[in-house]
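Colleague: predicted model and sequence below, questions to follow.
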Amino acid sequence: QKEVEQNSGPLSVPEGAIASLNCTYSDRVSQSFFWYRQYSGKSPELIMSIYSNGDKEDGRFTAQLNKASQYVSLLIRDSQPSDSATYLCAVKRAGNNRKLIWGLGTSLAVNP
Amino acid sequence: EPEVTQTPSHQVTQMGQEVILRCVPISNHLYFYWYRQILGQKVEFLVSFYNNEISEKSEIFDDQFSVERPDGSNFTLKIRSTKLEDSAMYFCASSEWGEEHNEQFFGPGTRLTVL
């Protein structure tokens, strides 16, 4: 079983719609969860972090965490063409080690 | 806004040559990292560094790899004898000390091409 799994997509949504991106993880002791955006040929850019069950909102972005189901999601409201990118889910285990374990990413295309 | 910087942006080298990739982390950050991403694949952790020593490394980070903080600002990754399979984007990241959940901020990356 892969440690962090994401649907590779592409996910295609019309401009103004809600884009929903999902991520599951296998290690129950995972502690911290991050969504990064990566444009083609560029580096990962941190969008959201979430640590507790429930929702966390930041502007047009909402992260949702369900530790019992080992599931984390990212909602993007009012999607814009500039949101077209690959969205990477990254997970940090509990404890002193700080490495991030990454999913392959979901490619999002927002169509004008 | 403070950011992580990396040089060079692109490095081309011959197989067997040594390369040094350079990074300047965010100034008040004390944890530093190197990750790599082979084209079309996942981002992979290589090494983390704190207080002038390696705190964790992956299986990828073998004896051909080393890291150093030669002064108060730079953080380097050295690959002693490059292989074709070392061709990848190499990202440096940094995070604050004591921040439990460890938000990591990435530099723009160095694209390493081994011929």
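Modeller: Right, received. Where do you want to start?
Colleague: next up, the contacts around the residue nearest to B:E18 when sequence neighbours are not counted.
Modeller: Distances taken as CB to CB, 6 or more residues apart in numbering or on different chains place B:R80 nearest to B:E18, at 5.3 Å, with adjacent residues excluded. Placement of C-beta: from N, CA and C, glycine included. Neighbour list for B:R80: B:18, B:63-66 [criterion: CB atoms under 8 Å, 6 or more residues apart in numbering or on different chains].
Colleague: out of those residues, which one sits closest to chain A?
Modeller: B:F65 (14.9 Å; CB to the nearest CB).
Colleague: for A:I50, name its beta-bridge partners.
Modeller: A:F33 (DSSP bridges).
Colleague: now the one 4 residues further on
Modeller: Taking DSSP bridges as the rule, A:G54 bridges to A:L65.
Colleague: give me the neighbour count for A:I18.
Modeller: 12 (other CB atoms under 10 Å in any protein chain shown).
Colleague: got the phi and psi for it?
Modeller: phi -90, psi 130 (degrees, to the nearest 10).
Colleague: what's the closest non-adjacent residue to residue 5?
Modeller: Going with chain A. A:E5 sits nearest to A:T24 (CB to CB, 6+ apart), 5.0 Å away.
Colleague: oops, chain B please
Modeller: B:V24 (4.7 Å).
Colleague: next: B:I20.
Modeller: B:K78 (5.0 Å).
Colleague: relative to B:L46, how far out is the closest residue to A:N7 other than its chain neighbours?
Modeller: Nearest residue to A:N7 in three dimensions, chain neighbours excluded: A:T106, at 5.6 Å (CB to CB, 6+ apart). According to CB to CB, to the nearest Å, A:T106 and B:L46 sit 24 Å apart.
Colleague: what pairs with the host helix or strand of B:A93, parallel or antiparallel?
Modeller: Element membership for B:A93, per DSSP states H and E: strand B:88-95. Here strand B:88-95 is paired, per DSSP bridges, with strand B:31-37 (antiparallel), strand B:105-106 (antiparallel), strand B:110-114 (antiparallel).
Colleague: most neighbours per residue, which of these?
Modeller: Each of these was scored by mean neighbour count; the highest is strand B:31-37, a mean of 24, by mean count of other CB atoms under 10 Å in any protein chain shown.
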